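# pasting the structure only:
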Ligand code: AMP
């Protein structure tokens with residue numbers, strides 16, 4: 001978790017590769033829905049472009065369907081979900097039913113840096129790889145290094161929508177830190193520096209947590 005521009009998408013990609021787990025990124029899933037010529041597609045497109053949050057009901061449907069797929073049975077990397085308390089409660093129920101544990105990583109980045117990161121962000125239209133015009137430019141301008149497909153600027157990466165998204169983050173998502181902090185599942189990570197540096201901080205937590213878990217399982221199995 002973290003505000004827009006904290007590096008959630010980049011870190012999710014690195015975690016997925018290291019731990020061979022699927023990424024469930026609700027923003028990407030909703031962007032795909034937004035491209036469909038359906039009433040739901042039009043609704044989601046308008047909400048996303050304005051930097052607003054899509055309703056919890058729609059999220060519940062999208063996330064439940066995705067998490068029930070076979071590839072998520074051993075766990076997954078959630079990116080951009082949950083963002084509200086009702087979503088956190090829904091995730092709690094799904095995790096309980098499936099016997100999964102929730103580890104929450106909060107990526108902290110100062111606000112002025114968030115604006116800089118978001119304003120220069122470019123995304124591959126095919127594989128979703130994330131670039132930055134200043135901090136991580138592609139080898140050929142406007143084209144993804146991995147698959148040669150065009151890069152695009154997200155419709156919600158303009159100043160007005162960025163401001164709106166950060167305000168909503170403060171109002172709707174910040175309360176989740178008390179929710180998860182209260183049950184000792186929240187880990188804070190410094191999100192400044194190179195992506196690899198941030199990744200090492202996160203991987204250390206994930207490894208400590210998953211080792212502890214297998215150790216306690218071994219003890220109780222003995
Ligand atoms: P993201 O790619 O995570 O920054 O999400 C982009 C946009 O998708 C957000 O600004 C929302 O409009 C919508 N969205 C993504 N995830 C959620 C969520 N968990 N709850 C509500 N809206 C979401």
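The structure has been received and is ready for your questions. This structure is a prediction, so every number in the text was calculated from the model and none was measured.
# dump the residue contacts of residue 125.
Contact partners of residue 125, counting by Cβ atoms under 8 Å, 6 or more residues apart in numbering, are 144, 149, 150, 151, 152. Bear in mind the C-beta positions are built from the backbone N, C-alpha and C, glycine included.
# How about the backbone phi and psi for it?
When read as degrees, to the nearest 10, the backbone of residue 125 gives phi -70, psi -20.
# Residue nearest the middle of the protein, spatially speaking?
Geometric centre of the chain, nearest residue: residue 79, 1.9 Å, by Cα atoms, centre = their mean.
# Was I right to think residue 192 contacts residue 114?
No - counting by Cβ atoms under 8 Å, residue 192 does not reach residue 114; the two are 10.7 Å apart.
# can you give me the strands for the chain?
Secondary structure of the chain (DSSP state E): strands located at 23-25, 77-79, 104-108, 121-124, 130-132, 151-152, 186-190.
# related to what we said a few turns ago, so for residue 192 and residue 114, which residue has more residues nearby?
Legend: neighbour count by other Cβ atoms under 10 Å for residue 192 and residue 114, higher for residue 114 (21 against 13).
# coming back round to it: how about a markdown table for the strands of the chain, with distance to residue 4 and mean pLDDT added?
Output for these, formatted as a markdown table (distance: least, Cβ to Cβ, whole Å; pLDDT from 0 to 100):
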| stretch | distance to residue 4 | mean pLDDT |
| --- | --- | --- |
| strand 23-25 | 13 | 97 |
| strand 77-79 | 12 | 97 |
| strand 104-108 | 11 | 97 |
| strand 121-124 | 9 | 93 |
| strand 130-132 | 12 | 92 |
| strand 151-152 | 16 | 95 |
| strand 186-190 | 16 | 97 |
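# Need these in CSV (columns: distance to the ligand).
Below are these laid out as CSV (distance: least, Cβ to the nearest ligand atom, whole Å):
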stretch, distance to the ligand
strand 23-25, 6
strand 77-79, 7
strand 104-108, 13
strand 121-124, 9
strand 130-132, 10
strand 151-152, 13
strand 186-190, 17
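# Reformat the ones you listed as TSV; add distance to residue 205.
Formatted as TSV, the strands of the chain follow (distance: least, Cβ to Cβ, whole Å):
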stretch	distance to residue 205
strand 23-25	18
strand 77-79	13
strand 104-108	7
strand 121-124	25
strand 130-132	22
strand 151-152	31
strand 186-190	5
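# Out of those, which gets nearest to residue 70?
Comparing the strands of the chain by their distance to residue 70 (Cβ to Cβ), the top pick is strand 23-25, with 13.4 Å.
# quick one: strands adjacent to that closest one?
Here strand 23-25 has these sheet partners by DSSP bridges: strand 77-79 (parallel).
# Other residues contacting stretch 53-61?
26, 30, 40, 44, 47-48, 81, 83-84, 86-87, 90, 168, 172.
# Pull out the buried members of those.
Neighbour-count burial (16 or more other Cβ atoms under 10 Å) applied to the contacts of stretch 53-61 gives 26, 30, 44, 47, 48, 81, 83, 84, 87, 90, 168, 172.
# can you pull the contacts of the third one?
Residues near residue 44 by Cβ under 8 Å, 6+ apart: 30, 33, 34, 54, 58.
# So what's the residue count around the last one?
Burial measure for residue 58: 17 neighbouring residues, criterion other Cβ under 10 Å.
# now do the third one
A total of 20 residues lie near residue 34 under the criterion other Cβ under 10 Å.
# Ignoring the adjacent residues along the chain, who's closest to it?
Leaving aside its sequence neighbours, residue 34 sits nearest to residue 45 (Cβ to Cβ, 6 or more residues apart in numbering; 3.9 Å).
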